[in-house]
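Trainee: Structure for this input, please:
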Amino acid sequence: RQANQINTSGTITLHLPPTMKAASRAAPAVRTRITALLGCDYPVLLPGMSWISTPELVAAVSNAGGCGILATGPLSAEETRESIRRIRKLAPGRPFGIGATLLMPGASENAKVAIEEQVPLVNVSLGKPDWIAEAVHEYGGHVLATVTNSKHAEAALTSGADALMCTGHEAAAHGGDVTSLVLVPSLAKAFPEAPIVAAGGFASGSGLSAALSLGADAIAMGSRFAVSKESPLALPTKEAVVRSSESDTLYGKNFDGIPARVLKTSASQSLMKSRPSLPVIVYRAFQSARELNIPLWKVLPGLLTQYDKMFMVAQLGAATKAIQAATVDGEVEEGVQFIGQCQGLIEDIRSVDEIVQDVMEEARSITERNFETFNGDDLTTDQRRVV
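Mentor: Next up is the predicted model:
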């Protein structure tokens, strides 16, 4: 059997081994720098999505051959510990990770729990991961940094990140200003030694094939996995996503303080219209602090010296109820649901394993077709002129 190769230029040679014995993973495993780094069978990840990326969904993705990442934003340190142990029980020996949005209250404490539990992968965003990387590397774990531009990517790698999750403009929630079609190859070229997970706009095998062609080593499929049978996302919200097109999203920063993409509903349109006034922001900041058990004396200096950051925290607190209304309670029109433009590619609600297998089968088929196209196999002279 021909050996898998990852050359020094950062490009990937894929050699597909024989079909695996496990019936639930019929597609042959694929080796990229991400699958090699994480120890998963397929270059497909579940990103951490609050109230969606629960232990059950994380385990389902990891058991299906991908790598699931637990959302710790809504969790206390003890809840994070319990969730990590539940994932290990549901998916023994499979790779998984936890997310830590370092700007947000409680994130550092959750990251410390992940380190104590020696979680294989820690996905960090909105903060310097240097202390996390140092601790994670001591037990052989890895750090995946979520970034939206080259400046943040360079800072993350300098701080010890092992790989990058490049989040394009198409993504649900907090994607950047640049589309994945440009962001992925740009960062792949700028940082050839860094394995890349492409996020934003990926929900199919064609997306995986495209991402690999752009220089990525894997894809993250948040919206697609959110609309799976194992996902805890409320059924009415799943059905609303299936009915919606790629155009039925809104993007702006007035909802939770950070530029975000959400499902277009009456509530989201209203919340996205304008930025709240200063008194409202101050009130929301205090309200968020109270709900998160943060002393008010810690909030006041932030409002005076780090207003933009406190605005984000204040808005996040106000946004929580709206997100829960759609995500947990299924109140689609009254709540707000983070969703990517790739919702236009989501046509049904299937099991995680079916989704993963279909993605791999389609990606393989497209790769073979493209190989034939560039080699002129089975094409007539007239067809080659068209190509």
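Trainee: low pLDDT regions in the stretch 201-350 of the chain?
Mentor: 274-278, 280-318 (pLDDT under 70).
Trainee: All the strands of it, residue numbers only.
Mentor: For the stretch 201-350 of the chain, the strands defined by DSSP state E, counting those that start in this stretch cover 218-220, 249-252, 260-263.
Trainee: Go through these and pick out the most buried.
Mentor: Of all the strands of the stretch 201-350 of the chain, strand 218-220 carries the top mean neighbour count, a mean of 31, counting by mean count of other CB atoms under 10 Å. C-betas here are computed from N, CA, C, even on glycine.
Trainee: rewinding a little: how about the strands of the stretch 201-350 of the chain in a markdown table, adding distance to residue 121?
Mentor: Converted to a markdown table, these look like this (distance: least, CB to CB, whole Å):
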| stretch | distance to residue 121 |
| --- | --- |
| strand 218-220 | 12 |
| strand 249-252 | 28 |
| strand 260-263 | 24 |
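Trainee: Which one of the ones you listed lies nearest to residue 86?
Mentor: strand 218-220 (21.9 Å; CB to CB).
Trainee: what sits up against that closest one?
Mentor: 32, 34-35, 43-47, 165, 195-199, 202, 207-208, 211 (CB atoms under 8 Å, 6 or more residues apart in numbering).
Trainee: Sitting in strands, which of these do you find?
Mentor: Per DSSP state E, strands hold the following members of the contacts of strand 218-220: 44-46, 165, 196-199.
Trainee: and of those residues, the nearest to residue 236?
Mentor: Once CB to CB is applied, the member of those that ends up nearest residue 236 is residue 46, at 21.8 Å.
Trainee: and that closest one, bridged to which residues?
Mentor: residue 68 (DSSP bridges).
Trainee: show me the contacts for it.
Mentor: So, once contact is read as CB under 8 Å, 6+ apart, residue 46 ends up touching 53, 57-58, 61, 66-69, 220-222, 225.
Trainee: Dump the C-alpha coordinates for stretch 164-175 into PDB.
Mentor: Output in PDB follows, covering the C-alpha atoms of stretch 164-175 (Å, rounded to 0.1, in the frame of the first residue of the first chain):
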ATOM      1  CA  LEU A 164      -5.900  27.300  12.500                       C
ATOM      2  CA  MET A 165      -9.600  27.300  12.000                       C
ATOM      3  CA  CYS A 166     -10.100  29.900   9.300                       C
ATOM      4  CA  THR A 167     -13.700  31.200   9.600                       C
ATOM      5  CA  GLY A 168     -15.000  32.900   6.500                       C
ATOM      6  CA  HIS A 169     -17.800  35.400   6.000                       C
ATOM      7  CA  GLU A 170     -20.300  32.700   5.100                       C
ATOM      8  CA  ALA A 171     -20.100  31.200   8.600                       C
ATOM      9  CA  ALA A 172     -22.800  31.100  11.200                       C
ATOM     10  CA  ALA A 173     -22.300  33.400  14.200                       C
ATOM     11  CA  HIS A 174     -18.900  35.200  14.200                       C
ATOM     12  CA  GLY A 175     -17.300  34.900  10.700                       C
END
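Trainee: thinking again about what came up before, specify which member of the contacts of residue 46 is nearest to residue 85.
Mentor: Among the contacts of residue 46, residue 58 lies closest to residue 85 (CB to CB), at 12.2 Å.
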